[in-house]
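>>> when you get a sec, could you give me coordinates for this:
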Amino acid sequence: MACPATVHDTVCIGADVTITPDVQVDGEIESFCVGGPVIGVCPGTPEPTCSFTVSQRICVQVPLVFSATATADPAGVVCETADTGECPLTTACTRTIGYYKNHPTETNALIEAAGGSIILGSDEDGLSFTVTTENADEVLDFNTPSPPAPESPPLSGQYQNLYAQLLAANLNVLSEAGCDYATDAIEAANEFLATSPPGGTAGAGTYGGPLDTYNKGLAPGCPGHCPEE
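Model prediction:
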């Protein structure tokens, strides 16, 4: 079975344009008398022919059409473990904060599968927080303990949302709904929390927005949102 895929590459195509001069007589060549006849030879040295140069500036308009062709050649294959039966169907999809809040059994199972905890940020740096099955409900309820969460608005609300979105994104990745977009967004949010000063700093919403987009199934190149939610 063929699995079609579309890829692209931006290229710059060059063209060498050569302009060659061409002059043709357009019309009948005529001669006219200048003054009357004179007695004697023409002044100056007689020559077999007379020649002179005439110049004319012109603008050359060149219509060009640029195009390119592409070829694809096999670059090898990575072999995985063979198995019997039909190919498994891909059912990965993302879920929002509300789903994981309302399904604690599934949420706790994913946390246990991750080793019993999920670190939001990094180990004991900045305003990082370690989520376990005992406190996941608080995080998803926008009530991460303070500290590390800032106490004063508006930063308090922005960080509470970031903690919840980041936890949901990690849970979606653990549910095998990961993608490059999610990886980048999670890494950026972790870095922001790990480097946040005590009391917080502006910008939490900048990192929470991409996580929200991913959790809602709207991120490019990522699984869509689970239909049953």
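>>> tell me the spacing between the closest residue to D125 other than its chain neighbours and P63.
Setting aside the residues directly before and after it, D125 is nearest to A194 in space (CB to CB, 6 or more residues apart in numbering), at 4.3 Å. Using the backbone N, CA and C atoms, a C-beta is placed for each residue, glycine as well. Distance from A194 to P63, counting by CB to CB, to the nearest Å: 57 Å.
>>> out of the two, name the residue with the larger neighbour count.
A194 (17 against 4; other CB atoms under 10 Å).
>>> what distance do you get for that one to V173?
Looking at A194 against V173, where the rule is CB to CB, the gap reads 18 Å.
>>> what sits against T183?
Each residue near T183 by CB atoms under 8 Å, 6 or more residues apart in numbering is listed here: V173.
>>> the one helix or strand it maps to: how far from the chain's middle?
Taking DSSP states H and E as the definition, one finds T183 inside helix 180-194. In terms of CA atoms, centre = their mean, to the nearest Å, the centre of helix 180-194 is set 16 Å apart from its chain centre.
>>> now swap in stretch 38-57 and tell me
71 Å.
>>> now it - C-alpha only, PDB.
Output for stretch 38-57, consisting of C-alpha atoms alone and laid out as PDB, is shown next (Å, rounded to 0.1, in the frame of the first residue of the first chain):
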ATOM      1  CA  VAL A  38      29.300  72.200 -58.600                       C
ATOM      2  CA  ILE A  39      32.100  72.300 -61.000                       C
ATOM      3  CA  GLY A  40      35.100  70.100 -59.900                       C
ATOM      4  CA  VAL A  41      35.700  67.200 -57.600                       C
ATOM      5  CA  CYS A  42      34.100  66.800 -54.100                       C
ATOM      6  CA  PRO A  43      36.200  68.300 -51.400                       C
ATOM      7  CA  GLY A  44      38.100  65.800 -49.200                       C
ATOM      8  CA  THR A  45      39.600  62.300 -50.000                       C
ATOM      9  CA  PRO A  46      37.400  60.100 -52.100                       C
ATOM     10  CA  GLU A  47      36.500  56.700 -50.500                       C
ATOM     11  CA  PRO A  48      34.900  53.600 -52.000                       C
ATOM     12  CA  THR A  49      32.000  53.700 -49.600                       C
ATOM     13  CA  CYS A  50      30.700  55.800 -46.700                       C
ATOM     14  CA  SER A  51      29.800  54.300 -43.300                       C
ATOM     15  CA  PHE A  52      28.600  55.800 -40.100                       C
ATOM     16  CA  THR A  53      27.000  54.600 -36.800                       C
ATOM     17  CA  VAL A  54      23.500  55.300 -35.700                       C
ATOM     18  CA  SER A  55      22.400  54.600 -32.100                       C
ATOM     19  CA  GLN A  56      19.000  54.200 -30.600                       C
ATOM     20  CA  ARG A  57      18.100  53.400 -26.900                       C
END
